[in-house]
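Participant: Below: sequence and its predicted model.
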Amino acid sequence: MQRIVKLYEWTTSLPLITCILYLSGALDNSIFFQILAGVLLLSCVMSAVHHSEIVAHRVGEPYGTIILAVSITIIEVAIIISLMLTGGKEYASFARDTVYAAVMLILNGIIGLSLYIGGRKYHTQTFSSHSVKIALVAIVSIITFTMILPSFTSSIIGPYYTERQLLFEIIACLVIYFSFIAAQTVKYREYFITESTPDTKSTQNSISNTSFIISLTFLLICLVIVVLLAKSLSDPIESLLTSYGLPRSLVGIIIASVILLPEGIAAVSSAKKNKLQNSLNLSLGSALASIGLTIPAVSLVSYIFDLPLILGLETLPIILLAISIFTVMLSLIGGRSNIVYGVVLLVNLFAYVFLTINP
């Protein structure tokens, strides 16, 4: 009981302190406060992981992983849309670049690290191949509609969609995403739950309504402040990178990494506890939410406000994305994992980062 109280003390107090620091405006011209904000940002990430675990225990799986994935995606959408509305043409490719970085980090980084750690500790871990197939089919289709086809359509020059094509993409993505959610929560729910998953009723009863409400509230607070701090620190990070001759595109990877930290830590922690099914539910669900919700929302805003929106990827990113998807499919299609799959995916991640710096 004392341990839980202590956890609540720092997982609620530090996010509030971080909010005060952000709202004070002290980050604008002070290197000291920017460094302090970076430290507090990491504490907010850890707080978000703690609160997400409580929420997941209270609502049961797979609803807990869905709540975390959708929460982060909604906040990500809000940031992207706000930048598009204020930045105009300068941020025409911001949504595409952010989603692309997120997908590459999830497929290669989070899943790769989960498979590596799980394989190193348990030799072999099992999971439902049916759940993976459902998620990967949805991911491949949505990625094709959102980030590949725009580069090859001929109705308009460049990696753009026409208004009609944009509306089709919005409808197609939403239909696929909500079909996946229906399968995960109702029709094929048993595919996403393994025998090692704790009894839902017992775990729900162990978390009081008060603890659930507090954790849900502070989960949202932590996610909001993580994204806002990441946005505020992007300019100092960009200045630091350019001073060392590194490309600006690396900033997107760093920001996406920070935003995905709560999901990443939760997924890797599940794999370390021999709950690889929960880890994959969170990872693949996050990738699907990041594309299936973010791109339609951004596309709708672009359509309504007549904002420029670059969606199509160039040749090199398409090749790297295809390699990542194909490797994940081969790694997960059999329902059994091992350390080699994790190593290969992590090498893919390093290749992505390396070729971003040295295209």
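Facilitator: It's in. What you see is a predicted model, and the numbers here were worked out from it, not measured in a lab. Numbering: from 1, shown residues only.

Participant: Okay, now the unreliable bits of the stretch 101-250 of the chain?
Facilitator: 194-206, 231, 234, 238, 248-249 (pLDDT under 70).

Participant: Which residue ranges of it form helices?
Facilitator: 111-122, 129-143, 163-182, 200-205, 209-232, 234-243, 249-272 (DSSP state H, counting those that start in this stretch).

Participant: tell me what the first one is packed against?
Facilitator: Applying 3 or more C-beta pairs under 8 Å, 6 or more residues apart in numbering; DSSP states H and E, one finds that helix 111-122 makes contact with strand 125-126, helix 249-272, helix 276-292, helix 315-332, strand 336-337, helix 339-357. Every C-beta, even on glycine, is put in place using the N, C-alpha and C of the backbone.

Participant: Would you mind finding the most buried of those?
Facilitator: Most buried of the helices and strands packed on helix 111-122 by mean neighbour count (mean count of other C-beta atoms under 10 Å) is helix 276-292; its value is a mean of 28.

Participant: Show me the one of the helices and strands packed on helix 111-122 that comes nearest Gly119.
Facilitator: Comparison of the helices and strands packed on helix 111-122 against Gly119 by C-beta to C-beta identifies helix 339-357 as nearest, at 3.2 Å.

Participant: Out of the helices and strands packed on helix 111-122, name the one with the poorest average pLDDT.
Facilitator: Ranked by mean pLDDT, these end with helix 249-272 at the bottom, a mean of 81.

Participant: got the angle between that helix and helix 276-292?
Facilitator: Helix 249-272 runs at 150 degrees relative to helix 276-292, counting by axes from the mean of the first three to the mean of the last three C-alpha atoms, to 10 degrees.

Participant: Specify the angle between helix 249-272 and helix 234-243 in degrees.
Facilitator: 110 degrees.

Participant: Which one of the helices and strands packed on helix 111-122 lies nearest to Leu219?
Facilitator: That would be helix 249-272 among those, by C-beta to C-beta, at 8.5 Å.

Participant: Now distance to Glu76 too, for the helices of the stretch 101-250 of the chain, in JSON lines please.
Facilitator: Shown next, in JSON lines, are the helices of the stretch 101-250 of the chain (distance: least, C-beta to C-beta, whole Å):
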{"stretch": "helix 111-122", "distance to Glu76": "19"}
{"stretch": "helix 129-143", "distance to Glu76": "16"}
{"stretch": "helix 163-182", "distance to Glu76": "15"}
{"stretch": "helix 200-205", "distance to Glu76": "28"}
{"stretch": "helix 209-232", "distance to Glu76": "7"}
{"stretch": "helix 234-243", "distance to Glu76": "14"}
{"stretch": "helix 249-272", "distance to Glu76": "6"}
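
Participant: For Leu307, find the nearest of those helices.
Facilitator: Here helix 163-182 is closest among the helices of the stretch 101-250 of the chain (C-beta to C-beta), at 11.1 Å.

Participant: Could you export that closest one as PDB, keeping only the C-alpha atoms?
Facilitator: Extracted in PDB, the C-alpha atoms of helix 163-182 (Å, rounded to 0.1, in the frame of the first residue of the first chain):
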ATOM      1  CA  GLU A 163     -10.300  16.400 -53.500                       C
ATOM      2  CA  ARG A 164     -12.200  13.300 -54.600                       C
ATOM      3  CA  GLN A 165      -9.300  11.100 -53.900                       C
ATOM      4  CA  LEU A 166      -8.800  12.700 -50.500                       C
ATOM      5  CA  LEU A 167     -12.400  11.900 -49.600                       C
ATOM      6  CA  PHE A 168     -12.000   8.300 -50.700                       C
ATOM      7  CA  GLU A 169      -8.900   8.000 -48.600                       C
ATOM      8  CA  ILE A 170     -10.700   9.300 -45.500                       C
ATOM      9  CA  ILE A 171     -13.600   6.900 -45.900                       C
ATOM     10  CA  ALA A 172     -11.400   3.900 -46.700                       C
ATOM     11  CA  CYS A 173      -9.100   4.500 -43.700                       C
ATOM     12  CA  LEU A 174     -11.900   5.000 -41.200                       C
ATOM     13  CA  VAL A 175     -13.800   1.900 -42.500                       C
ATOM     14  CA  ILE A 176     -10.700  -0.300 -42.200                       C
ATOM     15  CA  TYR A 177      -9.700   1.100 -38.800                       C
ATOM     16  CA  PHE A 178     -13.100   0.700 -37.100                       C
ATOM     17  CA  SER A 179     -13.500  -2.700 -38.700                       C
ATOM     18  CA  PHE A 180     -10.200  -3.700 -36.900                       C
ATOM     19  CA  ILE A 181     -11.500  -2.200 -33.600                       C
ATOM     20  CA  ALA A 182     -14.700  -4.200 -34.000                       C
END
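
Participant: which strands and helices sit next to that helix?
Facilitator: Going by 3+ C-beta pairs under 8 Å, 6+ apart, helix 163-182 lies up against helix 129-143, helix 276-292, helix 294-305.
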